[in-house]
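Novice: Have a look at this prediction, sequence included:
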Amino acid sequence: MSDTMVGQSHVLVKREGPTMYFVGVTTGKSSIMKVFPKWSDILGLNAQIVGYDAPIHAQDEVYRAITEHIKTDPLSKGALVTTHKIDLLDATRDLFEYLDPYAQLCGEISSISKRGDQLRGHAKDPITSGLSLQAFVEPGYWGRTGGEVLCLGAGGSAVAISVYFAGLPDAADRPKKFIAVNRSAPRLESLKAIHAKLDTDIEFEYILNDDPRVNDEIMGQLPPYSMVINATGMGKDRPGSPITDDGLFPENGWAWELNYRGELDFMHQAERQQASRGVRIEDGWIYFVHGWTQVIAEVFDVTLTPEIFAKLDDAASSIRS
């Protein structure tokens with residue numbers, strides 16, 4: 001079966017009502033399929049959501065098919081893009097009339113929307129990762145503790161989180177060191193090129209590695225209070241964890257599992273050290289809620305006030321529980 005066929009061409013039909021697409025890998029398993037109808041009611045959108053599954057690193061025509069469909073079908077209002085943020089933009093950049101500054105800097109988009117005749121791409125993740133971190137890391141944490149960040153994975157989320165940190169004005173809110181580990185060189189080189197454009201005092205280190213035992217060693221060298229992020233997709237899109245069961249999380253540090261569904265092996269490894277090493281754990285749920293609400297607001301031109309966000313958060317939480 002070709003990637004084009006895998007790319008669900010049957011869902012690319014002219015829509016009879018307002019429709020938002022979800023471009024991912026296993027979209028049918030996402031909680032958004034249950035959450036979106038409730039959010040549509042709260043926001044008065046009268047809209048539906050449709051999943052568009054594509055294999056990781058799909059062929060260009062898979063990404064062009066969904067983007068061209070959204071561009072030309074009046075009631076296909078836009079899309080949220082997850083795993084394919086970089087690959088989709090690489091394949092479709094010429095179709096967009098507008099890319100926001102983060103999309104241009106990071107070379108990825110998580111939001112496809114339309115205004116008039118313009119097809120617009122936004123990289124919302126630097127904003128949503130920041131909103132997520134603000135929800136569980138107190139101001140001044142990095143300056144007070146001297147903790148560092150180890151990001152396992154160098155894809156879109158790694159780009160977004162590092163760009164967010166670099167843009168913070170107060171040095172106490174920035175880690176002094178950010179280590180990115182990835183199994184393939186191109187993503188690391190892309191991340192390095194983006195960081196070279198930033199005016200920041202953060203020390204970045206890039207490590208090419210696909211051996212979980214080496215990740216254990218890197219993690220074991222972190223100072224206390226450091227944060228380890230699973231941005232690999234392992235435990236959701238791919239099985240397993242980027243570390244082994246023998247890996248030791250930094251004492252009194254953070255384990256941030258960017259996934260909220262799937263096997264979540266990385267998060268369970270952290271949970272087993274929660275008491276003995278004082279590991280604090282955050283999964284990807286708040287990232288999920290901020291990510292979706294930001295993109296829905298862009299697609300449907302909704303002003304997202306704190307009061308409206310609270311209603312959407314409550315509705316989503318009721319479904320999760």
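Specialist: Received it, and whenever you're ready, just let me know what you need.

Novice: quick one: least confident helix or strand in the protein?
Specialist: helix 3-6 (a mean of 47; mean pLDDT, DSSP states H and E).

Novice: Which positions within stretch 166-177 qualify as buried?
Specialist: A166, L168, D173, R174, P175, K177 (16 or more other Cβ atoms under 10 Å). Heads up, the C-betas are built off the backbone N, CA and C, glycines and all.

Novice: Between its first and last residues, how far does that stretch reach?
Specialist: 11 Å (Cα to Cα, to the nearest Å).

Novice: contacts for it?
Specialist: 126, 139-144, 146-149, 165, 195, 198-205, 226-227 (Cβ atoms under 8 Å, 6 or more residues apart in numbering).

Novice: ok now that stretch, how far from the chain's centre?
Specialist: 20 Å (Cα atoms, centre = their mean, to the nearest Å).

Novice: avg pLDDT for that stretch?
Specialist: The pLDDT scores in stretch 166-177 average 97.

Novice: Identify the residues contacting Y52.
Specialist: By Cβ under 8 Å, 6+ apart, the residues touching Y52 are G7, Q8, V11, L12, Y21, F22, V23, G24, T27, I66, A79.

Novice: hmm, 6 Å instead?
Specialist: Neighbour list for Y52: Q8, V11, Y21, V23, I66 [criterion: Cβ atoms under 6 Å, 6 or more residues apart in numbering].

Novice: I'd guess it is in a helix, am I close?
Specialist: No: per DSSP: H, G, I helix; E, B strand; the rest coil, Y52 lies outside any helix segment and is strand.

Novice: distance of M267 from K14?
Specialist: The gap separating M267 from K14 is 41 Å, by Cβ to Cβ, to the nearest Å.

Novice: The two - which one has more neighbours?
Specialist: M267 (22 against 11; other Cβ atoms under 10 Å).

Novice: filter the contacts of stretch 166-177 to the buried ones?
Specialist: 126, 141-142, 147-149, 165, 195, 200, 202, 204, 226-227.

Novice: what about the spatially closest residue to G284 that is not a sequence neighbour, which SS state?
Specialist: Spatial nearest neighbour of G284, excluding adjacent residues (Cβ to Cβ, 6 or more residues apart in numbering): Y260 at 4.0 Å. Under three-state DSSP, Y260 falls in the coil class.

Novice: ok now do the residue positioned nearest the centre of the chain, which residues does it touch?
Specialist: Most central in the chain under Cα atoms, centre = their mean is S157, positioned 4.5 Å from the mean C-alpha point. Residues in contact with S157, defined by Cβ under 6 Å, 6+ apart, are A231, L258.

Novice: wait, is it part of a strand?
Specialist: No: if the criterion is three-state DSSP, then S157 is helix and not within a strand.

Novice: And the strands in the stretch 51-200 of the chain?
Specialist: Under the criterion DSSP state E, counting those that start in this stretch, strands of the stretch 51-200 of the chain are mapped to 76-81, 98-99, 111-115, 118-122, 149-152, 177-182.

Novice: Now do the first one and strand 118-122, the angle between them.
Specialist: Right, the one you point to is strand 76-81. Between strand 76-81 and strand 118-122, the angle comes out at 20 degrees (axes from the mean of the first three to the mean of the last three Cα atoms, to 10 degrees).

Novice: Quick one: low-confidence residue ranges for the chain.
Specialist: Applying pLDDT under 70 to the chain picks out residues 1-7, 237, 321.

Novice: can you map out the helices along this structure?
Specialist: For the chain, the helices defined by DSSP state H cover 3-6, 32-43, 60-72, 85-92, 101-106, 125-136, 141-145, 156-166, 185-195, 212-220, 265-271, 274-277, 285-299, 306-320.

Novice: how about those, which one is nearest A54?
Specialist: Smallest distance to A54 across the helices of the chain (Cβ to Cβ): 4.9 Å, for helix 60-72.

Novice: could I have the closest one exported to PDB, CA atoms only?
Specialist: What follows is helix 60-72, C-alpha atoms only, in PDB (Å, rounded to 0.1, in the frame of the first residue of the first chain):
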ATOM      1  CA  ASP A  60       5.100  14.600   0.200                       C
ATOM      2  CA  GLU A  61       1.800  13.900  -1.700                       C
ATOM      3  CA  VAL A  62       0.100  12.800   1.500                       C
ATOM      4  CA  TYR A  63       0.700  16.200   3.100                       C
ATOM      5  CA  ARG A  64      -0.100  18.100  -0.100                       C
ATOM      6  CA  ALA A  65      -3.400  16.300  -0.400                       C
ATOM      7  CA  ILE A  66      -4.800  17.400   2.900                       C
ATOM      8  CA  THR A  67      -3.400  20.900   2.700                       C
ATOM      9  CA  GLU A  68      -4.800  21.500  -0.800                       C
ATOM     10  CA  HIS A  69      -8.100  20.100   0.300                       C
ATOM     11  CA  ILE A  70      -8.300  22.500   3.200                       C
ATOM     12  CA  LYS A  71      -7.200  25.400   0.900                       C
ATOM     13  CA  THR A  72      -9.900  24.700  -1.700                       C
END
